[in-house]
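A.B. asks: Okay, predicted coordinates and the sequence, questions at the end:
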Amino acid sequence: MASNDVQSQISALRAEIAALQKDLGERGSEAYDTIRDRAGNAVEAARPAVRSATKYVRNEGAAVAQAAREHPAALSTVVLTAGLAGVVIGYLLGSLESEPPRRQQRWF
């Protein structure tokens with residue numbers, strides 16, 4: 001008799017677990033669909049801004065390239081100045097991070 005009671009409880013638990021798995025699967029599917037729809041909407045909303053930014057960057061790049069073709073000496077001066085500024089900034093940052101030399105004391 002006790003064996004039947006245990007068997008019925010096991011059967012009930014299995015049925016409950018199956019129902020929970022089904023419910024969890026449905027909720028997961030709904031959450032996935034919701035997230036997918038929101039992501040799609042976000043992409044669609046951002047698409048015009050991305051197109052506008054791409055067009056702007058392309059136009060500015062073309063303008064910079066044209067100015068570089070028209071004024072090669074100015075371009076080389078700008079590149080050289082930027083390189084020197086980078087070296088100076090790197091040196092200053094490197095010297096700030098290094099510790100000052102410590103005085104060594106010997107007790108002998």
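C.D. replies: On my side now, so go ahead. Residues are numbered from 1 along each chain as shown.

A.B. asks: ok, which stretches of this structure are helices?
C.D. replies: Here the chain has its helices, by DSSP state H, at 2-70, 72-97.

A.B. asks: Just put the ones you listed in TSV and tack on mean pLDDT and mean neighbour count.
C.D. replies: (C-beta placed from N, C-alpha, C; glycine too.) Formatted as TSV, these follow (pLDDT from 0 to 100; neighbours: other C-beta atoms under 10 Å):
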stretch	mean pLDDT	mean neighbour count
helix 2-70	91	10
helix 72-97	91	10
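
A.B. asks: out of these, which comes closest to Gln104?
C.D. replies: helix 72-97 (21.5 Å; C-beta to C-beta).

A.B. asks: distance of Gly25 from Ala85?
C.D. replies: Separation of Gly25 from Ala85 (C-beta to C-beta, to the nearest Å): 60 Å.

A.B. asks: Likewise for Ala39?
C.D. replies: 42 Å.

A.B. asks: what sits against Asn41?
C.D. replies: By C-beta atoms under 8 Å, 6 or more residues apart in numbering, the contact set of Asn41 is empty.

A.B. asks: Is it possible to get CSV of the helices of the chain that adds distance to Gln104?
C.D. replies: Shown next, in CSV, are the helices of the chain (distance: least, C-beta to C-beta, whole Å):
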stretch, distance to Gln104
helix 2-70, 54
helix 72-97, 21
